[in-house]
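Visitor: using only what follows, build the 3D model:
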Amino acid sequence: MKRNEFEDVCRKNGLALTIQRRTILDALAARTDHPTVDQVYEDIKENLKGVSRTTVYRVLETFVSIGIVRKISNPESKARFDADTKRHHHLTCMHCGKVLDLHDSTLDNLAPNSGALREFEIFDYSITFNGRCASCRDDEAPKI
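Guide: Numbering: from 1, shown residues only. Below you'll find the predicted structure:
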């Protein structure tokens, strides 16, 4: 499904369906951990000889600009990318930096009740909860 959507969006935006774009999208879509540019680069560098981190970054930024990938902010200040563009939210571990998806329908239709909305039109949003993942909690649990 993501591949068909990708091809349609690229065509509508006048972008060539290059091997670099296809390979980077496939690598991103195969992951569930919201990888950084460096992680995507590590995934593809063997299959795309001569590809640079800069190319991976530019392709991912292009994907963000045409709406087939989301860029996620996190406390590490490293850009992370998500091939799932449907509204969902995130859990971010403040200790190890892991980012997990949170699908919670109660958060999907929030409508702020604020006078500031007269000055601002909201198109989309996602919520990030910062905390500690189970693995980091377990690592710091007292050993008996």
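Visitor: ok, the residue most central in space within the chain - contacts?
Guide: Nearest to the geometric centre of the chain sits D82, at 2.2 Å (Cα atoms, centre = their mean). Contacts for D82 were tallied using Cβ atoms under 8 Å, 6 or more residues apart in numbering; they are L28, H34, V69, R70, K71, I72, D101. No exception for glycine: its C-beta is placed from N, CA and C like everyone else's.
Visitor: this structure: strands as residue ranges?
Guide: 70-72, 80-82, 89-93, 99-102, 128-131 (DSSP state E).
Visitor: among those strands, which comes closest to Y57?
Guide: strand 80-82 (9.8 Å; Cβ to Cβ).
Visitor: distance from that closest one to the middle of the chain?
Guide: Relative to its chain's centre, strand 80-82 lies at 2 Å (Cα atoms, centre = their mean, to the nearest Å).
Visitor: shouldn't T32 be in contact with H90?
Guide: No - using Cβ atoms under 8 Å, T32 is not in contact with H90, being 12.0 Å away.
Visitor: what's the overlap in contacts for those two?
Guide: D101.
Visitor: the two: which is more packed in?
Guide: H90 (20 against 12; other Cβ atoms under 10 Å).
Visitor: outline the domain layout of the chain.
Guide: Using automatic domain parsing, the domains assigned to the chain come out as 2-72, 86-140.
Visitor: point out the most buried one among the ones you listed.
Guide: Most buried of the domains of the chain, by mean neighbour count (mean count of other Cβ atoms under 10 Å): domain 2-72, with a mean of 16.
Visitor: model confidence over that one, on average?
Guide: Here domain 2-72 scores 89 as its mean pLDDT.
Visitor: having no further points to raise, I will conclude here.
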